[in-house]
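Visitor: heads up, no residue letters with this:
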């Protein structure tokens, strides 16, 4: 919350909204402590179940709004997996769909008042990214054996450059989970921090109209970012899956 500082200005802390706090009391946070992060991660799972399971349980020829949304998400992600990863990648569609729904719902629920943005924490996004990285790497070796290493060997390049390019490709491969996770967490955290800053300026009467306009604009942008970041994370997963299934460079 913004408070009046002794110097007469506003004293506010836009990053306080990302602090993980116990749900009950003010004690230390341990691995078993129910926190605000735990609560909103649980609500994310429940929201996904409500839409995809309960919302489509009574399927009809003329779909309801909930069924239409679920079918739209299903069709979009399925087409994404098939187009990017190929028909071989369709068998891994359930995992990709789970990733997309989790990130989308976590981003969307974080836009509610008094909510907590779980995907703004690198601990959450890093787990998602590492699971994708380890999964596609193991899949690549299981499906292709040593031929998976062909992903790092640029056979179309001149022979003198191939060892150098192999080192670059290997380095960029292991950087994937870092960029995969930081991109999502960074965009969500930055957007929510900016939103809090403009909302705080609304307490100043002279700039309240401009502040309200800025909040509405940034909030609309954050709605778009919530969808785009879920899409980007998912399509990158499909690209990595394609590399695992078809590693030849």
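Guide: Thanks, I have the structure now. Just so you know, these numbers come straight off a predicted model, no measurement behind them.

Visitor: so what's the residue count around residue 200?
Guide: By other Cβ atoms under 10 Å, 18 other residues sit near residue 200. Yep, even glycine has a C-beta here, placed from its N, CA and C like the rest.

Visitor: distance check, it against residue 15.
Guide: Using Cβ to Cβ, to the nearest Å, residue 200 is found at 12 Å from residue 15.

Visitor: what does residue 64 give?
Guide: The gap separating residue 64 from residue 15 is 41 Å, by Cβ to Cβ.

Visitor: kindly report the same for residue 109.
Guide: 20 Å.

Visitor: those two: who's more crowded?
Guide: Neighbour count, other Cβ under 10 Å: between residue 109 and residue 15, residue 109 has more, with 20 against 11.

Visitor: need the contact list for the more buried one.
Guide: 40, 43-44, 47, 115 (Cβ atoms under 8 Å, 6 or more residues apart in numbering).

Visitor: state the pair within these that is farthest apart.
Guide: Put simply, by Cβ to Cβ the two of the contacts of residue 109 set farthest apart are 47 and 115, 11.7 Å from each other.

Visitor: the bottom helix or strand of the protein by mean pLDDT?
Guide: Lowest on mean pLDDT, DSSP states H and E among the helices and strands of the chain sits strand 3-4, with a mean of 46.

Visitor: now for the longest helix along the chain, which elements pack on it?
Guide: Ranked by residue count and defined by DSSP state H, the top helix of the chain is helix 162-201. Helix 162-201 is packed against helix 122-144, helix 208-245, with contacts defined by 3 or more Cβ pairs under 8 Å, 6 or more residues apart in numbering; DSSP states H and E.

Visitor: what's the least confident stretch among those?
Guide: Of all the helices and strands packed on helix 162-201, the minimum mean pLDDT falls on helix 208-245 (a mean of 91).

Visitor: please name every helix or strand in contact with it.
Guide: Applying 3+ Cβ pairs under 8 Å, 6+ apart, one finds that helix 208-245 contacts helix 65-85, helix 93-109, helix 122-144, helix 162-201.

Visitor: for this protein, give me the ranges with low pLDDT.
Guide: 1-12, 202-207, 248-249 (pLDDT under 70).

Visitor: relative to residue 233, how far out is the nearest residue to residue 147 once chain neighbours are set aside?
Guide: Closest residue to residue 147 apart from its sequence neighbours, by Cβ to Cβ, 6 or more residues apart in numbering: residue 247 at 6.5 Å. Taking Cβ to Cβ as the measure, residue 247 falls 22 Å from residue 233.
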